[in-house]
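Q: build the 3D model from these lines:
(2 chains)
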Protein chains: 2
Amino acid sequence: MRKIRLVIEYDGTAYRGWQIQKKELMTVQGIIEDRISGLTGEKLRVIGASRTDAGVHAFGQVAAFRTKSRLDTETIKRALNALLPLDIRIIDVFEAEDSFSPRYSAVRKSYFYVVANQRESTAFLFRYAWLVQQPLDLKSMIKASKVLIGTHDFSTFMGTGSSIKNTVREIFSLNIEKFNQIDFMTVGMTGEFIKISIEADGFLRHMVRNIVGTLVETGRGNFSESSMMEILAARNRRLAGPTAPPNGLYLEKIIY
Amino acid sequence: MRKIRLVIEYDGTAYRGWQIQKKELMTVQGIIEDRISGLTGEKLRVIGASRTDAGVHAFGQVAAFRTKSRLDTETIKRALNALLPLDIRIIDVFEAEDSFSPRYSAVRKSYFYVVANQRESTAFLFRYAWLVQQPLDLKSMIKASKVLIGTHDFSTFMGTGSSIKNTVREIFSLNIEKFNQIDFMTVGMTGEFIKISIEADGFLRHMVRNIVGTLVETGRGNFSESSMMEILAARNRRLAGPTAPPNGLYLEKIIY
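A: Next up, the predicted model:
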C-alpha cells in the first residue's frame, strides 16, 4: 500500500466544512473521498489535517490516504482536478511515508482572518471577509494581541463541545495589518481590510475565530487593551468576545 | 406616485439571472421586488435596464419602480440593504422623472468580461472569470476587435431565441488589456487575466459573450485576425465562436 499526501485549496462557501457528515451533506472530505474512490476503484478514507468549519476557506489543507493504485502523483493530481468541483483544487500530490499523519505529524499551522473594516459592503465581499462597519483601533488590537504570543492554556478561546484535554498551545506569531485592496477584478472587492495572521503548533476548536472576535471587541473599544491578559488567564470562554463568522477565515499552510 | 431609480450591484452566482421567472426560482428582480413590497406594503413591479443571464454579475444595473411611499431615498437605500441578501447591494437611490425608463432611456451601456488566461485555476476563480488555459495571442485579438467598433448589424453575435427586429448597434469602444492580479485577499485570485471591455448604445442577447467567444477563438489561432470582418458581415450566428460562459461577465455601467 502507498500513502499519498495531498495539498488542497478550497472555497468553503458551498460546503458544510471539511469533516464528513451524513451522506447527503456536502463536505470537502466527503467529495474528495468520493472522487478518489472513483479514480482508484477502492473504498478508502481520506484523513485531513484540520477540520475547518462550514464556510471556512483553505489554501493549504493537507490530507492523506492509502491506496493500491499505481497511478503516478502527477496523474492523480490531473485526474482529481478534472473530477472535482471547481471550488476544490488539488495543489500538490506527494508520496508519503506510511507513518505520515496529516494531523499528528504537523509541527506548525497558520491561519489568517480577513476583516473588511469599512462602512459599506460590496456584493462580492461577504463570502470572503467579515464586514465590521465601526472603525477599529488597530493599535489597541495589536497591543492586546501580544499577550497571546507564546505558550498558554487557550481554553478561554476554545469553542464549546470540544472533547480535547490538553488546551495548551504555542502561538509563534500573531500579525495584524491593515491593507487597502485597490481592486479585485478591477472593481469589486475594494476597501479597507484588516488581516490577522496566526501561526501556532496547533489550534483548539474555534480558537482563531474566538481570538479574532475578542480582538475586534478590543478594536471597538469594548475591551481595554489590557483586558486580554485577564481574559486569557481566566480560562473561561464567557469572558472572551464572540466567535467571528467563518467566512473570513483561511487555513493558510501546514508545516511538517 | 413617485418613481424611484436604483443602482444595483450583485454577484450573480446564486441567481437565475435578473429577469423574474417562476415564483420558486431565485432571480435578482424577483428578490428586489419582494423586498421593496415588504418595505412599502405595495404590490409593485421593478423594471430593470438589462436582463443579465444566470451567473452574470453587475456593478451598475439600473432599475426603477413606482411607489406611493414617502420614505426618503436614503432610508430606502438603508432599509433595502438591510433586507436584501448580502450578494445584492443597492448602491444608489434617486428620485426619477415619471418618463424615466431604465431600458429605453439608456444612451450607453458598458460590460466587461474577465478571462483567466493561465494554466491552473484556483478554487476562488470560477465564479468570476472564464479559465482559458491555452495562451492567447493578445495582438490578434486586439486587431480583430477593431472591426467591431462603430455601427454595424450585429446579428452574427445575437443569441438564438431573441425576438428583436433591429439588430444594428453602435459599439463606442472595445478595449482588451492584459493584467496581472497580484493577489486577492493576498493569496487567492492571482494570475494572468485578460479584461475585455465593451461600451455600446445597447447590446443584443448574448452579444458580449458571443463576441468574447469569437475573440478567444482568434486568440487561440482558430480564426485568423482578418476573419472577424467576414464573420460580422455574414450575419450568421454559426460563423462566430462559442458563447463565453456567463460567470466572467460584468454589467459595469449604464449612462442616461
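Q: for stretch A:169-182, output the C-alpha coordinates as PDB.
A: Taking Å, rounded to 0.1, in the frame of the first residue of the first chain, the C-alpha atoms of stretch A:169-182 are listed here in PDB:
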ATOM      1  CA  ARG A 169      -0.800  25.600  22.600                       C
ATOM      2  CA  GLU A 170       2.100  27.700  21.400                       C
ATOM      3  CA  ILE A 171       1.400  30.700  19.200                       C
ATOM      4  CA  PHE A 172       4.600  31.500  17.300                       C
ATOM      5  CA  SER A 173       3.400  34.700  15.700                       C
ATOM      6  CA  LEU A 174       0.300  36.800  15.500                       C
ATOM      7  CA  ASN A 175       0.400  39.700  13.000                       C
ATOM      8  CA  ILE A 176      -2.300  42.300  12.400                       C
ATOM      9  CA  GLU A 177      -2.000  44.500   9.400                       C
ATOM     10  CA  LYS A 178      -4.200  46.900   7.600                       C
ATOM     11  CA  PHE A 179      -4.300  46.800   3.900                       C
ATOM     12  CA  ASN A 180      -6.200  48.600   1.200                       C
ATOM     13  CA  GLN A 181      -7.400  46.400  -1.600                       C
ATOM     14  CA  ILE A 182      -7.400  48.500  -4.700                       C
END
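Q: and it, how far out from the chain's middle?
A: Relative to its chain's centre, stretch A:169-182 lies at 14 Å (Cα atoms, centre = their mean, to the nearest Å).
Q: and for it, what's in contact with it?
A: For stretch A:169-182, the surrounding residues in contact (Cβ atoms under 8 Å, 6 or more residues apart in numbering or on different chains) are A:108, A:117, A:138, A:141-142, A:145-146, A:148-152, A:154, A:189-204, A:207, A:211, A:215, B:184-186. The way it works is simple: take the backbone N, C-alpha and C, and place the C-beta from them, glycine included.
Q: can you give me the mean pLDDT across that stretch?
A: Per-residue pLDDT over stretch A:169-182 has a mean of 88.
Q: buried ones in that stretch, by neighbour count?
A: Going by neighbour count (16 or more other Cβ atoms under 10 Å in any protein chain shown), the buried part of stretch A:169-182 is A:R169, A:I171, A:L174, A:I176, A:Q181.
Q: now the buried members of the contacts of stretch A:169-182.
A: Buried, going by 16+ other Cβ under 10 Å: A:117, A:141-142, A:145, A:148, A:152, A:154, A:189-191, A:193-200, A:202-204, A:207, A:211, A:215, B:184-186, out of the contacts of stretch A:169-182.
Q: checking the residue in the stretch 101-250 of chain A that chain B sits nearest to next. Helix, strand or coil?
A: Per Cβ to the nearest Cβ, A:F126 is where the stretch 101-250 of chain A lies closest to chain B, at 3.8 Å. Secondary structure state of A:F126, per DSSP: H, G, I helix; E, B strand; the rest coil, is coil.
Q: please look at it and B:D87 and confirm they touch.
A: Yes: between A:F126 and B:D87 there is a contact at 6.6 Å, judged by Cβ atoms under 8 Å.
Q: mind listing the shared neighbours of these two?
A: Counting by Cβ under 8 Å, 6+ apart, nothing touches both A:F126 and B:D87.
Q: got the contact list for the residue of the stretch 101-250 of chain A closest to chain B?
A: The contact partners of A:F126, by Cβ under 8 Å, 6+ apart, come to A:N247, B:L86, B:D87.
Q: could you flag which of the residues you listed are buried?
A: By neighbour count, with 16+ other Cβ under 10 Å, the contacts of A:F126 hold A:N247, B:L86, B:D87 as buried.
Q: which parts of the stretch 101-250 of chain A are helices?
A: Per DSSP state H, counting those that start in this stretch, the stretch 101-250 of chain A carries helices over the ranges A:138-146, A:207-219, A:227-234.
Q: state the mean pLDDT of the second one.
A: Summarised as a single mean, pLDDT over helix A:207-219 is 98.
Q: kindly report the same for the first one.
A: For helix A:138-146, the per-residue pLDDT values average out at 96.
Q: repeat that for stretch A:241-251.
A: In this model, stretch A:241-251 has a mean pLDDT of 96.
Q: send me it as PDB with only the CA atoms.
A: Coordinates of each C-alpha in stretch A:241-251 appear next as PDB, following Å, rounded to 0.1, in the frame of the first residue of the first chain:
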ATOM      1  CA  GLY A 241     -15.500  38.100  22.600                       C
ATOM      2  CA  PRO A 242     -18.000  36.500  20.200                       C
ATOM      3  CA  THR A 243     -16.900  33.900  17.700                       C
ATOM      4  CA  ALA A 244     -16.100  35.700  14.400                       C
ATOM      5  CA  PRO A 245     -18.100  34.300  11.400                       C
ATOM      6  CA  PRO A 246     -16.400  31.500   9.400                       C
ATOM      7  CA  ASN A 247     -16.400  33.300   6.000                       C
ATOM      8  CA  GLY A 248     -13.400  35.500   6.800                       C
ATOM      9  CA  LEU A 249     -11.200  32.500   7.900                       C
ATOM     10  CA  TYR A 250      -8.500  30.900   5.700                       C
ATOM     11  CA  LEU A 251      -6.400  27.900   6.600                       C
END
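Q: contacting residues for A:D53?
A: Counting by Cβ under 8 Å, 6+ apart, A:D53 makes contact with A:G12, A:G17, A:H206, A:R209, A:P246, A:L249.
Q: how much space separates A:L125 from A:Q118?
A: Going from A:L125 to A:Q118 by Cβ to Cβ, to the nearest Å gives 9 Å.
Q: want to throw the contacts of A:F126 into CSV with distance to A:P102?
A: Output for the contacts of A:F126, formatted as CSV (distance: Cβ to Cβ, whole Å):
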residue, distance to A:P102
A:N247, 24
B:L86, 33
B:D87, 33
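Q: circling back: now, which of the buried residues of stretch A:169-182 lie within strands?
A: Mapping the buried residues of stretch A:169-182 onto strands (DSSP state E) picks out A:R169, A:I171, A:L174, A:I176, A:Q181.
Q: just put these in TSV and tack on distance to B:S163.
A: Below are these laid out as TSV (distance: Cβ to Cβ, whole Å):
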residue	distance to B:S163
A:R169	65
A:I171	64
A:L174	61
A:I176	57
A:Q181	42
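Q: and which of the residues you listed is nearest to A:R220?
A: A:R220 lies nearest to A:I176 out of these, by Cβ to Cβ, at 14.3 Å.
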